[in-house]
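[1] Below are the sequence and a predicted model; questions follow.
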Amino acid sequence: MKNLISHSLAIAVLAAGVSLNVLADPPSGQVDFGKLAMPGNGGEFVEIQVNSNLLSLAAKLVEKQQPDAAKLLRGVQLVRVNVVGLTDENRDELTNHVRQIRHDLAAQGWERNVNVQQKDGEDVGVYTKTRGGEALAGLVITVIEPKDEVVLVNIVGDIKPEQVAALGEGLDIKPLEKIGEALKK
Amino acid sequence: MNSSPTSSVVRPPAKHLWFRCILAALLLLPVVIAVEVVSCFHLSSDAKALRNSLIKSSGVEWRQRIALNAGGLALSAVRAGLSFVHLDAGARAALQSVRGAEVGVYRLPSGAKPPDRAALLIAADAAMTARGWDRVVGVMDGSDLVGVYLPKKMTSARRIICCLMVFNGQEMVVVSARANLEPLLQYALAQPVISTKVRSLVRR
């Protein structure tokens, strides 16, 4: 009888754990960029999504030789990069969409750390969200280049803006590398 | 009546057992080779699903140019053969990493209008997501389209599977590869340039 109760309890706890996992909200640093208007034929569209599964695998791989790099990779849960080329068909819709994302981030308590507006119209916004006031929960970079493209980056996990270029270099994600370099300037 | 079943079992002499095993292996060998040869010209189910989704969404009849599948047995034979040949360390690491590869190349019939790349990507996403794959990379540039898919669940770097599709406006290539990344990564991390880059990444 005792065994039956303990087994039932164990199963109930396990089931609760599984259902909690299923119902769990996305991490607080994760941002849904919504549906991005695709460019017409010939336009540029890049989407890269490296999730925790792949990142932890990468961490496992480099663990022996580079334990510090593995630690950094374990701190990141998701890297998402979107680059969408602007054409006459999607320019207005996309730039408005990015401005709306910025507005929503500010409303949700994200802190705008970098705000660059250049003469050629390039508009860069970097937002961070902290967890418990110390560690970073997420980082969002939004870039509007009115003539060329919009770039949206979301990194979930503990990563500082100055590490973005290095992360882009480490994961061989060119747009991330480029943005990271721009943030240094 | 009550005798135990084990007592009635007559074990063949060990010599005969070995003989039977060798005989069975010899009989099975042509079957294994035949299966390997036949499978050389067929894509696996995941690559096939990816290809079929692209073909269906395009609404065009594509012409198959190549469909090759190099399984574990064939690649093991290649590895064994090349183990006696002097190879560059990088090439050897790459060879040791690849456990299986398949490729299908298809061409649009002449005069056919290239299908919408966004529609192709959406169809491929739907087919692969339903099979438990995630798209890691999606690129559309000019007339090119590239999609890279990885399984949602990956537990070991020793057994990585990846599906890839490339469309350049006329030709479509579907690739599926199985690899053990450890030898390749060990080689990469032993390179001074990469090692320095990784260290600089951590120091920031």
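    Happy to help now that I have it. Numbers count the residues shown, from 1 in each chain, chains lettered A, B, ... in the order given.
[2] Tell me how far the most centrally placed residue in chain A lies from chain B.
    Of all residues in chain A, the one closest to the mean position by Cα atoms, centre = their mean is residue A:154, 2.0 Å from it. Applying Cβ to the nearest Cβ, to the nearest Å, the value for residue A:154 to chain B is 15 Å. (Each C-beta comes from the backbone N, C-alpha and C, glycine too.)
[3] Confirm that residue sits in a strand?
    Yes: counting by DSSP: H, G, I helix; E, B strand; the rest coil, residue A:154 falls inside a strand.
[4] tell me the contacts of it?
    By Cβ atoms under 8 Å, 6 or more residues apart in numbering or on different chains, residue A:154 lies in contact with A:29, A:30, A:31, A:33, A:78, A:79, A:80, A:138, A:139, A:140.
[5] how close does it sit to residue A:176?
    11 Å (Cβ to Cβ, to the nearest Å).
[6] show me where chain B has helices.
    Listed in chain order, the helices of chain B (DSSP state H) span B:5-8, B:14-39, B:45-58, B:72-82, B:89-97, B:117-130, B:181-189, B:192-203.
[7] average pLDDT for the first one?
    Read that as helix B:5-8. Mean pLDDT, computed over helix B:5-8, is 53.
[8] now stretch A:60-74
    With pLDDT averaged residue by residue, stretch A:60-74 scores 77.
[9] Report the backbone C-alpha coordinates of that stretch in PDB.
    This file holds the C-alpha atoms of stretch A:60-74, laid out as PDB (Å, rounded to 0.1, in the frame of the first residue of the first chain):
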ATOM      1  CA  LYS A  60      29.200  20.100 -25.100                       C
ATOM      2  CA  LEU A  61      31.500  19.900 -28.100                       C
ATOM      3  CA  VAL A  62      33.900  22.600 -27.000                       C
ATOM      4  CA  GLU A  63      33.600  21.800 -23.300                       C
ATOM      5  CA  LYS A  64      36.900  19.900 -23.000                       C
ATOM      6  CA  GLN A  65      39.100  22.200 -25.100                       C
ATOM      7  CA  GLN A  66      37.400  25.500 -24.300                       C
ATOM      8  CA  PRO A  67      35.500  25.300 -21.000                       C
ATOM      9  CA  ASP A  68      35.000  29.100 -20.800                       C
ATOM     10  CA  ALA A  69      33.500  29.200 -24.300                       C
ATOM     11  CA  ALA A  70      31.200  26.400 -23.300                       C
ATOM     12  CA  LYS A  71      30.100  28.400 -20.300                       C
ATOM     13  CA  LEU A  72      29.200  31.400 -22.500                       C
ATOM     14  CA  LEU A  73      27.300  29.200 -24.900                       C
ATOM     15  CA  ARG A  74      25.300  27.600 -22.000                       C
END
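[10] which of the residues in it are buried?
    For stretch A:60-74, burial by neighbour count (16 or more other Cβ atoms under 10 Å in any protein chain shown) applies to A:60, A:61, A:62, A:66, A:69, A:70, A:72, A:73, A:74.
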